[in-house]
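J.: Any chance you could fold what I've pasted below:
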Amino acid sequence: MLEELISKKKSISVTGLGYVGLPIALEFAKKFRVIALDVKSERIALMKQGIDPSHELPASAFEGVDILFTDDPKDLKQAHFHIIAVPTDIDEHKVPNLGPLKSASRNLGKVIKKGDYVVYESTVYPGCTEEDCLPLVSAESGLVAGVDFKYGYSPERIVPGDKEKGLTDILKIVSGNDEESKEVIADVYCSIIKAGVFKASSVKVAEAAKVIENTQRDLNISLMNELAIIFDKLGIDTQEVIEAAGTKWNFIKMYPGLVGGHCIGVDPYYLLHKARELGVEPQVIASGRRINDGMPAWIARKLTRMLITAGKNPGKCKVLIMGITFKENVSDIRNSKVVDLVHELMQYSINVQVMDPFASPNEVAHEYKLTLADKIGDNYDAVVLSVGHNQYRQLDEAYFKSITSEDGIILDLKGIYGKTFKSMSYWRL
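T.: Below you'll find the predicted structure:
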């Protein structure tokens with residue numbers, strides 16, 4: 001397979017051109033012929049112009065590549081090594097939404113040929129590839145998975161906003177339905193991944209490895225969030241406690257915060273879903289999710305109490321929220337817990353304004369029915385630093401005094417200002 005890909009007798013297809021799929025497609029297209037599919041035609045139009053709709057990749061990433069951007073699934077027939085990297089989110093009931101994954105599987109089933117390979121990268125629960133996805137491919141194609149076509153799973157590990165470690169710098173887990181397929185899949189990925197690959201023993205092991213990566217991080221942060229609640233009651237600074245504890249060599253420094261985005265705040269629900277199907281009720285994982293999902297409401301109560309203590313009527317207060325993306329220096333607003341914080345503050349009749357230099361006003365309006373402020377105003381009763389964008393890290397106490405009313409309050413949820421504030425009411429998570 002690799003030799004035929006190199007000679008361009010065969011091609012690679014990538015379905016789903018978001019934060020994961022587009023970098024993979026462009027990296028492979030430096031060496032191979034790539035068919036890149038996304039069902040959103042407006043995104044395809046931008047990519048044809050050398051524009052990353054997610055604002056992660058520069059225009060130079062589109063130069064010197066052999067790639068066909070398309071929104072027509074029929075074009076996948078030209079390829080022989082298929083990668084599926086569509087998003088896997090949860091619905092309003094926090095149940096895994098496999099809609100895009102199943103749709104991509106059906107589309108592939110209509111064009112897959114004998115001898116082809118298919119590799120899933122989307123984050124799923126153990127067993128999803130073989131139990132939920134491949135039967136759809138087989139049903140559409142009439143081909144037997146593992147016999148007429150080979151398959152594998154190679155979980156995505158891209159970190160949005162990380163400019164230090166890109167796709168090729170991160171060790172890639174690969175797996176296959178048998179030893180032959182695993183070796184072929186490993187060879188194909190090794191052709192672009194400088195960090196190399198780790199060969200998992202099975203597809204289920206690779207799926208499980210991915211989903212516990214983010215579950216572990218979710219649980220670690222939930223512990224720190226619970227500690228932050230306890231320490232706040234005790235009147236001690238959580239950041240100072242962490243710094244003190246961190247002087248021991250085997251203490252792992254983790255920090256409290258809002259846990260959103262399309263990975264850490266979502267993946268644990270995939271594992272919870274599968275465990276419950278098996279008759280297991282996970283106590284620790286579910287508890288961690290409850291704590292992290294409850295943080296916006298706790299922070300809203302904290303700020304409301306601070307406003308009342310300062311002699312202010314919350315219903316007559318104006319609060320500025322700085323940042324709505326799920327993490328710093330990215331435009332991604334998916335599953336942003338800042339939105340939950342906004343809604344919680346509004347429950348107290350607080351006038352909330354939101355500003356973010358990275359987020360798209362149109363996307364925020366479409367997804368959350370919220371309007372981003374065009375510019376930062378003044379006379380705010382409180383300012384909440386919710387996302388640590390680089391622009392915000394340059395600000396000082398004098399700036400915040402200039403945009404707040406007398407007795408203005410600063411809530412630093414990222415803890416980026418330390419204790420440099422001397423004359424303002426300052427609190428950090």
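J.: alpha carbons only for contacts and neighbour counts from here, please
T.: OK.
J.: Now do the contacts for Arg43.
T.: Pro53 (Cα atoms under 8 Å, 6 or more residues apart in numbering).
J.: Does it belong to a helix, a strand or coil?
T.: Arg43 carries the three-state label helix when classified by DSSP: H, G, I helix; E, B strand; the rest coil.
J.: hey, where'd the strands end up in the stretch 101-250 of the chain?
T.: Secondary structure of the stretch 101-250 of the chain by DSSP state E, counting those that start in this stretch: the strands cover 117-120, 150-153, 172-174, 197-199.
J.: Need the single longest helix in this protein, by residues.
T.: If you go by DSSP state H, the chain has its longest helix at helix 203-234.
J.: quick one on the thing from earlier: out of the strands of the stretch 101-250 of the chain, which one sits most buried?
T.: The highest mean neighbour count among the strands of the stretch 101-250 of the chain, using mean count of other Cα atoms under 10 Å, belongs to strand 150-153: a mean of 26.
J.: I'd like to know which elements that strand is packed against.
T.: Under the contact criterion of 3 or more Cα pairs under 8 Å, 6 or more residues apart in numbering; DSSP states H and E, strand 150-153 touches strand 117-120, helix 179-190, helix 203-234.
J.: rerun that using 6 Å as the cut-off
T.: In terms of contacts (3 or more Cα pairs under 6 Å, 6 or more residues apart in numbering; DSSP states H and E), strand 150-153 is packed against strand 117-120.
J.: what helices or strands is the strand it packs on leaning on?
T.: Using 3+ Cα pairs under 6 Å, 6+ apart: strand 117-120 touches strand 81-84, strand 150-153.
J.: Mind checking those for the one nearest to Glu243?
T.: strand 150-153 (39.5 Å; Cα to Cα).
J.: taking the mean pLDDT, what do you get for the closest one?
T.: Summarised as a single mean, pLDDT over strand 150-153 is 98.
J.: Please put the alpha-carbon coordinates of it into CSV.
T.: Taking Å, rounded to 0.1, in the frame of the first residue of the first chain, the C-alpha atoms of strand 150-153 are listed here in CSV:
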residue,chain,number,x,y,z
LYS,A,150,-8.9,-3.8,6.2
TYR,A,151,-9.5,-1.4,9.1
GLY,A,152,-7.9,0.2,12.1
TYR,A,153,-8.1,2.9,14.6
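J.: what does that strand rub up against?
T.: Tyr117, Val118, Val119, Tyr120, Ser175, Gly176, Asn177, Val203 (Cα atoms under 6 Å, 6 or more residues apart in numbering).
J.: now do stretch 16-25
T.: Asp38, Ala85, Val86.
J.: Could you measure from Glu98 over to Ala382?
T.: Check again: residue 98 is Leu, not Glu. Separation of Leu98 from Ala382 (Cα to Cα, to the nearest Å) stands at 41 Å.
J.: Looking at the two, which one has more neighbours?
T.: More neighbours surround Ala382 than the other of Leu98 and Ala382, with 27 against 19 (other Cα atoms under 10 Å).
J.: Show me which residues of the host helix or strand of the more buried one are buried.
T.: Using DSSP states H and E, Ala382 sits in strand 380-385. Using 16 or more other Cα atoms under 10 Å as the test for burial, strand 380-385 gives Tyr380, Asp381, Ala382, Val383, Val384, Leu385.
J.: can you check stretch 413-424 too?
T.: Leu413, Lys414, Gly415, Tyr417, Met424.
J.: Next one: the second one from Thr325, what distance?
T.: In other words, Lys414. Going from Lys414 to Thr325 by Cα to Cα gives 13 Å.
J.: go on, the fourth one?
T.: The gap separating Tyr417 from Thr325 is 19 Å, by Cα to Cα.
J.: Just give the nearest non-adjacent residue to Lys422, would you?
T.: Distances taken as Cα to Cα, 6 or more residues apart in numbering place Glu397 nearest to Lys422, at 8.0 Å, with adjacent residues excluded.
J.: and the one you found, how many neighbours?
T.: With other Cα under 10 Å as criterion, Glu397 counts 15.
J.: Is it possible to get a markdown table of the buried residues of stretch 413-424 that adds distance to Phe81 and secondary structure?
T.: Below are the buried residues of stretch 413-424 laid out as a markdown table (distance: Cα to Cα, whole Å; DSSP: H, G, I helix; E, B strand; the rest coil):
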| residue | distance to Phe81 | secondary structure |
| --- | --- | --- |
| Leu413 | 45 | coil |
| Lys414 | 43 | coil |
| Gly415 | 46 | coil |
| Tyr417 | 49 | coil |
| Met424 | 59 | coil |
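J.: Between all of those, which two are at the greatest distance?
T.: Lys414 and Met424 (17.3 Å).
J.: I'd say Tyr426 and Ile410 touch.
T.: Yes. Contact criterion Cα atoms under 6 Å: Tyr426 and Ile410 qualify, at 4.8 Å.
J.: the helices in the stretch 201-350 of the chain, which residues?
T.: Taking DSSP state H, counting those that start in this stretch as the criterion, the stretch 201-350 of the chain carries its helices at 203-234, 238-245, 267-277, 283-309, 337-346.
J.: ok, back up a step: name the strands paired with the strand holding Ala382 and say parallel or antiparallel.
T.: Strand 380-385 sits in its sheet next to strand 318-322 (parallel), strand 404-412 (parallel), going by DSSP bridges.
J.: Any stretches of this structure with poor pLDDT?
T.: Residues of the chain that meet the criterion pLDDT under 70 lie in 161-163.
J.: Residue ranges of each domain in it, please.
T.: The record's domain parsing of the chain by automatic domain parsing lists 2-201, 216-428.
J.: Which among these is found nearest to Ala209?
T.: The nearest among the domains of the chain, by Cα to Cα, is domain 2-201 at 8.5 Å.
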